[in-house]
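Asks: Just a sequence and a predicted model for now, questions to come.
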Amino acid sequence: MAALELEARKLRRQYDQMKSLTPTICLFAAALLWTGCTTAQVQAVRHTATHIEPKEAIAIVFSRDFSLDGRPIDEKEIVTCISDEMRKAHPSLRIVLPNEFRHTAFPDLAPEAAPNTPESLALLLDHAAFRDRIASLRIRYLVSVQGRTDSKYDGGVECGGGPGGAACIGLLSWDRKSNLTASILDLKQVRAAGELKVLASGRPWFFFVFPSPLMIGAPAFTESKACGELGQALGKFLAGERPAEPEEGQK
């Protein structure tokens, strides 16, 4: 009998704790309906018509200026994401990855010293020695990718009490924006072919109630969204199409 009374008191305390915070929980729940979604916008600037033959390749170089809140982002992960999306539009497309390009084009330079910005690579197009070194790769388009991700933190914790005790709830969220820019050089025409820009925005969140075990959240992978959209846009760009801007709210 004593055990049942203790359990009843425990349930009553939890009920009182949650009841005192009901208005705040309702406000948080309404806010959550508008968060957790990732959207992307694509802008394309074309300087010349584009076309790629079956034996030609595209090379991707990755700028070390790309960062996540000031910290470097893994090159292989982003380039693989872009390449996978491009191959959906061009299954037989041959893609020269950054390490292979650097090893062939700049054999005497350390990876971190190899030119990778659009400006430096454009200048190299006028050098016969550079073109001779990469001739075996049969590269038609050289793509320099730059970008960054920034986050702004928001949210907080609120506590309340009742006859049965106290409880706290918290909502943490982030405004995340990932920007990616691909500058495309046409090695055959020795000129800039165009530029693609992708902005992916999202608001991941994390909601918890203490001492209750309630804990939920929703991610917003803006880097994955940005690189995926950039890969799709590159595939369309090479095919001569103008990349369409995704509809608002598309994930």
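Replies: In hand now; what should we look at?

Asks: What residues of stretch 41-60 count as buried?
Replies: Using 16 or more other C-beta atoms under 10 Å as the test for burial, stretch 41-60 gives 42, 44, 46, 50, 52, 56-60. (C-beta placed from N, C-alpha, C; glycine too.)

Asks: So which of those residues are in helices?
Replies: The helices, defined by DSSP state H, take in nothing from those.

Asks: Which residue in the residues you listed has the weakest pLDDT?
Replies: Across those, no position has a lower pLDDT than residue 52, which has 88.

Asks: Surely that residue touches residue 89?
Replies: No: when contacts are counted by C-beta atoms under 8 Å, residue 52 is not listed as touching residue 89 (11.1 Å).

Asks: Now for those two: what residues contact both?
Replies: Listed as contacting both residue 52 and residue 89 by C-beta atoms under 8 Å, 6 or more residues apart in numbering are residue 238.

Asks: Adding distance to residue 142, write the buried residues of stretch 41-60 out as a markdown table.
Replies: Formatted as a markdown table, these follow (distance: C-beta to C-beta, whole Å):
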| residue | distance to residue 142 |
| --- | --- |
| 42 | 20 |
| 44 | 17 |
| 46 | 16 |
| 50 | 13 |
| 52 | 12 |
| 56 | 12 |
| 57 | 10 |
| 58 | 8 |
| 59 | 5 |
| 60 | 8 |
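
Asks: How about residue 196: what's its closest non-neighbour residue?
Replies: Of all residues not flanking residue 196 in the chain, residue 182 sits nearest, at 4.5 Å (C-beta to C-beta, 6 or more residues apart in numbering).

Asks: ok, which stretches of the stretch 1-150 of the chain are helices?
Replies: Taking DSSP state H, counting those that start in this stretch, the helices of the stretch 1-150 of the chain run over residues 2-20, 22-32, 75-89, 98-105, 118-124, 128-134.

Asks: helices or strands next to the lengthiest strand in the chain in the packing?
Replies: Secondary structure of the chain read by DSSP state E shows that its longest strand is strand 139-162. Helices and strands touching strand 139-162, as assessed by 3 or more C-beta pairs under 8 Å, 6 or more residues apart in numbering; DSSP states H and E, comprise helix 2-20, strand 57-62, strand 67-68, helix 75-89, helix 118-124, strand 165-186, helix 222-238.

Asks: for the stretch 151-251 of the chain, which spans come out with low pLDDT?
Replies: Along the stretch 151-251 of the chain, segments meeting pLDDT under 70 span 155-158, 160-166, 205-220, 241-251.

Asks: quick revisit: bridged to the residue nearest to residue 196, which residues?
Replies: Beta-bridge partners recorded for residue 182 (DSSP bridges): residue 145, residue 196.

Asks: tally of neighbours for it?
Replies: By other C-beta atoms under 10 Å, 23 other residues sit near residue 182.

Asks: Tell me how far it lies from residue 154.
Replies: Note on residue 182: its distance to residue 154, by C-beta to C-beta, to the nearest Å, is 31 Å.

Asks: Right, I'll call it a day here.
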